[in-house]
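**Q** starting from these lines, generate the structure:
(one chain, ligands or ions: 1)
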Amino acid sequence: MSIKRVTILFSGEGGNLENIIKKLHPHTIEIVAAITNNPLANGIPKAQKLGIETIVIDHRDFKKREEFDQALVKIITPLNIDLAILAGFMRILTPVFTDNIKAINIHPSLLPLFKGAHAIEESFNSNMKVAGVSTHLVNSQLDSGDIIDQVCFNKEDMDFQTFKNKITQIEHELFPKSIKKVLLL
Ligand code: GAR
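**A** Numbering: from 1, shown residues only. Below is the predicted model:
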């Protein structure tokens, strides 16, 4: 069986990006490119150091979301990938993207709770006793496609730094597993 080809989209730190490259590339999956909308993303040198080609496409160069998504699809289609992995890619995608590219996302909350860009803070500050991480298929609604996996933990008595570390630790265990599950590996 041929190795599955993927691309990873990211916007910032690139912690999940780095973790996925180190754990899965190139024997389990081939990461053919890492794509970012942020020319200053800290993930860029991380990917490059690990030998992954990085492509920058700045969303601020486009007037409409659909135009940015069209340009993304134009970059991704010739890469001939089996899956796009959104790892901290902080853009809302329109059907121009989601109707053409199969993608999965990781989100630092127990979806459908705390969608959006402030999930970690909102989940920490909520009166719930548990928090968690979700992976899901991507559709054109924010953080809303079918859930692939979820991991939950008790957050009682945790300070914010411990909470954030716990989310990161879970994300780094969960995302590679969900990627393999979706690719039937
Ligand atoms: C991660 O916590 C990821 O779950 C979150 O952004 C962070 C990226 O960190 N994604 C979302 O909130 C998507 N709505 P990283 O750049 O270090 O991987």
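**Q** quick check: residues of this protein near the ligand?
**A** Within the chain, the positions lying close to the ligand (Cβ under 6 Å from any ligand atom) are 10, 12-17, 87-88, 106-108, 119, 143, 171. In short, each C-beta sits where N, CA and C put it, glycine included.
**Q** what do you get if the cut-off is 5 Å, keeping everything else the same?
**A** Gly12, Glu13, Gly14, Gly15, Asn16, Gly88, Ile106, His107, Pro108 (Cβ under 5 Å from any ligand atom).
**Q** state the pLDDT value of the second one.
**A** As predicted, Glu13 sits at a pLDDT of 98.
**Q** which ones are touching the residue lying closest to it once chain neighbours are set aside?
**A** For Glu13, ignoring the flanking residues on the chain, the nearest one in space by Cβ to Cβ, 6 or more residues apart in numbering is Asn42 at 5.2 Å. By Cβ atoms under 8 Å, 6 or more residues apart in numbering, the contact list for Asn42 reads Gly12, Glu13, Gly14.
**Q** related to what we said a few turns ago, okay if I get the residues of the chain next to the ligand as a markdown table plus neighbour count?
**A** Formatted as a markdown table, these follow (neighbours: other Cβ atoms under 10 Å):
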| residue | neighbour count |
| --- | --- |
| Gly12 | 17 |
| Glu13 | 15 |
| Gly14 | 24 |
| Gly15 | 17 |
| Asn16 | 23 |
| Gly88 | 22 |
| Ile106 | 25 |
| His107 | 26 |
| Pro108 | 24 |
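**Q** farthest pair in these?
**A** Gly14 and His107 (16.6 Å; Cβ to Cβ).
**Q** the closest residue to Ala87 other than its chain neighbours: which element?
**A** Spatial nearest neighbour of Ala87, chain neighbours left out: Asn16 (3.8 Å); criterion: Cβ to Cβ, 6+ apart. Secondary structure assignment for Asn16, by DSSP states H and E: helix 15-24.
**Q** and that helix, how far out from the chain's middle?
**A** On the basis of Cα atoms, centre = their mean, to the nearest Å, helix 15-24 sits 11 Å off its chain's mean C-alpha point.
**Q** any idea which helix or strand comes after it?
**A** Heading C-terminal from helix 15-24 (DSSP H and E), you reach strand 29-36.
**Q** which helices and strands does that following strand pack with?
**A** Identification of packing neighbours for strand 29-36 by 3 or more Cβ pairs under 8 Å, 6 or more residues apart in numbering; DSSP states H and E yields strand 4-10, helix 15-24, helix 43-49, strand 54-56, helix 65-76.
**Q** pretty sure Leu83 contacts Val182?
**A** Yes - Leu83 lies in contact with Val182 (Cβ atoms under 8 Å); the separation is 6.3 Å.
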